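Visitor: Kindly generate the corresponding structure for this input.
(one chain, ligands or ions: 1)
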Amino acid sequence: MVQPTQQNIEDLAGAALAELSALDSLESLEQWRIAYLGRRGSLTVVLRGLAGLDIEERRRIGALANQAKQSLESGLEARTREINEAALLRAAQEDRLDVTLPGRYPAEGRLHPTTQIVREICAAFAGMGFSVVEGPEVEWDHYNFEMLNIPKGHPARDMWNTLWVDYTNEAGEQPMLLRTHTSPMQARVMESRRPPVRVIVPGKCYRYEATDATHEWHFYQVEGLAVDEGITFANLKGTLYEFARRLFGEERRVRFRCDYFPFVEPGVDMSIDCFACQGASGQAQDGGCRICRDSGWIEIMGAGMVHPRVLSGVGYDPDKYTGFAFGLGPERIAMLKYGIDDIRHFYANDLRFLRQF
Ligand code: PHE
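Guide: Next up is the predicted model:
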């Protein structure tokens, strides 16, 4: 045990204070405090030795020891303050706000271009009194084909390259598929309500397709159906003409040509005059038009008068009711509207593409 002599106390205090001035963290200060002033610290131990001294010495050395203790304590306090202030100063310098730095943009989400165009199409028809309904993407052969006047073994089935679902019934048929178009909803809607019917059906479709710039194996369609007493081909033309003007501008002209779909009669395809060259490419312009490939016209949908067999299939009397139906591809409409040259961009999930809309 260190003898509590004047020399020992002065040595100890001197060493402690010298050590203290070299410390620069709060953790090392705490270690220092424990080493000198703690319960088993060197100065504490010396103070405890005072008990063994005679009364005169105890008073003299005791006073010295207390002085030493106080100077260690105030030294510790001062060093703690210095270290805290230095840390504050450092923080103030390092964390200084640089108002010239560019801000950080929040990662902002947006609607997929297909969603945007589908909503625009639905809004155009909603404004003409159509309501929006949706149907199943996994569909029965019954609705996708049979009810649409496309019986088994009929060559018209080849118009739809079908993805069949791996399920076989007792008759050995594969009656389930990923719907190849939204037309099965024509039959489902008519089965579930009486005329007048006026609906549009947006939704995803699937085909067993080799993909290229204009073909995807999955894509959207928007189907339309209007059935009532006295609906004529003029209603079909008027409605679709109005739609074309709402989506592509007031000055659009439309063209209808004969086409074949088993569930309509007569069937047509509808084109709009090219909004890029205002139809001028039809008269062979210099340089040519990429959008309409110099034809002056762009096909945008299939349509027709609902086939009497489809009407009677759902229990509507074809002598009393008539109707029209149409189906269009929203990606194709978006491609035309925004000048997109490859349908595969839509579902490749490349944000550089998607962020543009
Ligand atoms: N369902 C047809 C297709 O996918 C399009 C269409 C719908 C044609 C309604 C006429 C009437 O090709």
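
Visitor: Spell out the secondary structure type for the residue in the stretch 151-300 of the chain that the ligand sits nearest to.
Guide: Per CB to the nearest ligand atom, His181 is where the stretch 151-300 of the chain lies closest to the ligand, at 3.3 Å. (Each C-beta comes from the backbone N, C-alpha and C, glycine too.) Following DSSP: H, G, I helix; E, B strand; the rest coil, the label given to His181 is coil.

Visitor: For it, give me its contacts.
Guide: 144, 160, 205, 221, 223, 327 (CB atoms under 8 Å, 6 or more residues apart in numbering).

Visitor: Keep those, but drop any that are not near the ligand.
Guide: 223, 327 (CB under 6 Å from any ligand atom).

Visitor: Now the residue in the stretch 251-357 of the chain that the ligand sits nearest to: phi and psi?
Guide: Ranking the residues of the stretch 251-357 of the chain by distance to the ligand (CB to the nearest ligand atom) places Gly327 first, at 2.7 Å. When read as degrees, to the nearest 10, the backbone of Gly327 gives phi -140, psi 130.

Visitor: same thing with Phe326?
Guide: Dihedral angles (degrees, to the nearest 10) for Phe326: phi -150, psi 160.

Visitor: contacting residues for it?
Guide: 223-224, 236, 240, 270, 301-304.

Visitor: Looking at the contacts of His181, which is nearest Asp317?
Guide: The shortest gap between Asp317 and any of the contacts of His181 belongs to Glu223, at 22.8 Å (CB to CB).

Visitor: Please, where are all the helices along this protein?
Guide: 6-22, 26-37, 42-49, 55-94, 113-126, 141-144, 184-192, 233-248, 308-313, 330-338, 351-354 (DSSP state H).

Visitor: could I get those helices as CSV with distance to Cys289 and mean pLDDT?
Guide: Listed next are those as CSV, based on distance: least, CB to CB, whole Å; pLDDT from 0 to 100:
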stretch, distance to Cys289, mean pLDDT
helix 6-22, 83, 88
helix 26-37, 76, 90
helix 42-49, 96, 86
helix 55-94, 61, 89
helix 113-126, 22, 96
helix 141-144, 36, 97
helix 184-192, 35, 98
helix 233-248, 15, 94
helix 308-313, 38, 98
helix 330-338, 12, 89
helix 351-354, 23, 92
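
Visitor: JSON lines for the ones you listed, including distance to Tyr167 and mean neighbour count?
Guide: Output for the helices of the chain, formatted as JSON lines (distance: least, CB to CB, whole Å; neighbours: other CB atoms under 10 Å):
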{"stretch": "helix 6-22", "distance to Tyr167": "82", "mean neighbour count": "14"}
{"stretch": "helix 26-37", "distance to Tyr167": "70", "mean neighbour count": "15"}
{"stretch": "helix 42-49", "distance to Tyr167": "86", "mean neighbour count": "17"}
{"stretch": "helix 55-94", "distance to Tyr167": "66", "mean neighbour count": "13"}
{"stretch": "helix 113-126", "distance to Tyr167": "29", "mean neighbour count": "18"}
{"stretch": "helix 141-144", "distance to Tyr167": "11", "mean neighbour count": "20"}
{"stretch": "helix 184-192", "distance to Tyr167": "17", "mean neighbour count": "21"}
{"stretch": "helix 233-248", "distance to Tyr167": "37", "mean neighbour count": "18"}
{"stretch": "helix 308-313", "distance to Tyr167": "24", "mean neighbour count": "18"}
{"stretch": "helix 330-338", "distance to Tyr167": "29", "mean neighbour count": "20"}
{"stretch": "helix 351-354", "distance to Tyr167": "35", "mean neighbour count": "11"}
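
Visitor: Using a markdown table, please lay out these together with distance to Ile291.
Guide: Shown next, in a markdown table, are the helices of the chain (distance: least, CB to CB, whole Å):
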| stretch | distance to Ile291 |
| --- | --- |
| helix 6-22 | 80 |
| helix 26-37 | 72 |
| helix 42-49 | 92 |
| helix 55-94 | 57 |
| helix 113-126 | 16 |
| helix 141-144 | 32 |
| helix 184-192 | 31 |
| helix 233-248 | 11 |
| helix 308-313 | 34 |
| helix 330-338 | 7 |
| helix 351-354 | 19 |
